[in-house]
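**Student:** Would you be able to build a 3D model of this:
(2 chains)
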Amino acid sequence: MELSDLDKQIVKELQSGLPLVKRPFAVLARRLGISEEELFQRVQALQQAGIMRRIGAALRHHKVGFTANAMIVWQVPEEKIEEVGQMFSQLPEVTHCYQREELPHWPFNFYTMVHGRNREACEQIAARLSQLAGISNYRLLYSVAELKKSSMKYFMD
Amino acid sequence: MELDHIDRRLLNLVQSEFPICLEPYRVLAERLGISEQEVLDRLEHLMKQDIIRRLGGVFDSRKLGYKGTLCAIKVPPDRIEEVAAVVNSYIGITHNYLRDHEYNMWFTVLAQSPAKVEQILAEIKQATGIEDIINLPSKRFFKVLVNFDVEDNRD
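**Tutor:** Numbers count the residues shown, from 1 in each chain, chains lettered A, B, ... in the order given. Got it, this is the predicted structure:
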């Protein structure tokens, strides 16, 4: 689906937030100079095309008790990437799962994020993943501080 | 702030089952058995408390034409704040974490092309004088899940 200028404007409005009023789309439509109905049709089209995944809330995780997050970096042989990716992404403890390029001095090519109440919980998850996948070369990099966490603002530059 | 069981159910609903319709808060109210006004009041309160950091559209960056990468930079401990200020100044750098590793500052970059990513990294190198940045573009995406079940989290 090719995004029109109007679609980009809609993305910009929706990413900045859905108003907390009874008819939120009516408020956004007024800002965009279109009807509520037209806006809602475009929103549905964006969703059907998979461009908009959902409308939803992002929480501050540490405020609801998920304190430790560990990035686990893995060295996975190329021929096992598919299998390990499918396996890890099915586990509820794994919130992010990516294959990434590797560098000569940084051989890790597979990345998972896990969240737990504390470091021991993260270590147990890592040990379980390692055993499941049969991958023994991995490191846990714990977050020590959150320096920035924001939602992406598209089409702003 | 103490969350009651309605807040917790509301938080779960607005994370993963937010209804896309003209009157979404009325639908949420029906599901929770409370008034629409109470849904709006509770959401406003949860936002003021910064428990909800944003309620809005969640987009697929790849389908919007953006490229994503993960980068790490080796920052001397006494320069963390200063370097973070430079890194965090970019809109496309949405997440930045200090981690317990030699490469200690890890951030994600979203930009409309790999060249734009390189330009941002070059600017960071120039502004900080730190050359040691690793750039790890994603090759294959398997999963992103950002919802957390808050209902049985009462400690």
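**Student:** give the contact list for the residue nearest to residue B:145 when sequence neighbours are not counted.
**Tutor:** In space, residue B:145 comes closest to residue A:95 once its chain neighbours are excluded; the distance is 4.8 Å by Cβ to Cβ, 6 or more residues apart in numbering or on different chains. (Glycine included, C-beta is placed from N, CA and C.) Residue A:95 is in contact with A:113-115, B:143-146, counting by Cβ atoms under 8 Å, 6 or more residues apart in numbering or on different chains.
**Student:** Distance-wise, check residue A:95 relative to residue A:86.
**Tutor:** For residue A:95, the distance to residue A:86 equals 16 Å [Cβ to Cβ, to the nearest Å].
**Student:** re the thing from before, confirm the residue nearest to residue B:145 sits in a strand?
**Tutor:** Yes. Under DSSP: H, G, I helix; E, B strand; the rest coil, residue A:95 falls within a strand.
**Student:** Is the longest helix along chain A positioned near chain B?
**Tutor:** Longest helix of chain A, by residue count under DSSP state H: helix A:119-133. No. If you take Cβ under 8 Å from any Cβ of the partner chain as the test, helix A:119-133 misses chain B, and the best it gets is 10.1 Å.
**Student:** Whichever residue of chain B sits closest to chain A - how many residues pack around it?
**Tutor:** Residue nearest to chain A within chain B (Cβ to the nearest Cβ): residue B:57, separated by 3.2 Å. Residue B:57 has 26 neighbouring residues, counting by other Cβ atoms under 10 Å in any protein chain shown.
**Student:** CA atoms of the host helix or strand of it as CSV?
**Tutor:** Here residue B:57 sits within strand B:52-59, counting by DSSP states H and E. C-alpha atoms of strand B:52-59 as CSV (Å, rounded to 0.1, in the frame of the first residue of the first chain):
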residue,chain,number,x,y,z
ILE,B,52,0.8,4.8,30.6
ARG,B,53,3.5,6.6,28.7
ARG,B,54,1.4,6.8,25.5
LEU,B,55,-1.9,5.7,24.1
GLY,B,56,-1.9,5.9,20.3
GLY,B,57,-1.2,4.2,17.0
VAL,B,58,1.5,1.5,16.9
PHE,B,59,3.0,1.2,13.5
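**Student:** Pairing partners for it, with directions?
**Tutor:** Strand B:52-59 sits in its sheet next to strand A:52-59 (antiparallel), going by DSSP bridges.
**Student:** State the next helix or strand along the chain beyond the partner strand.
**Tutor:** strand A:68-74.
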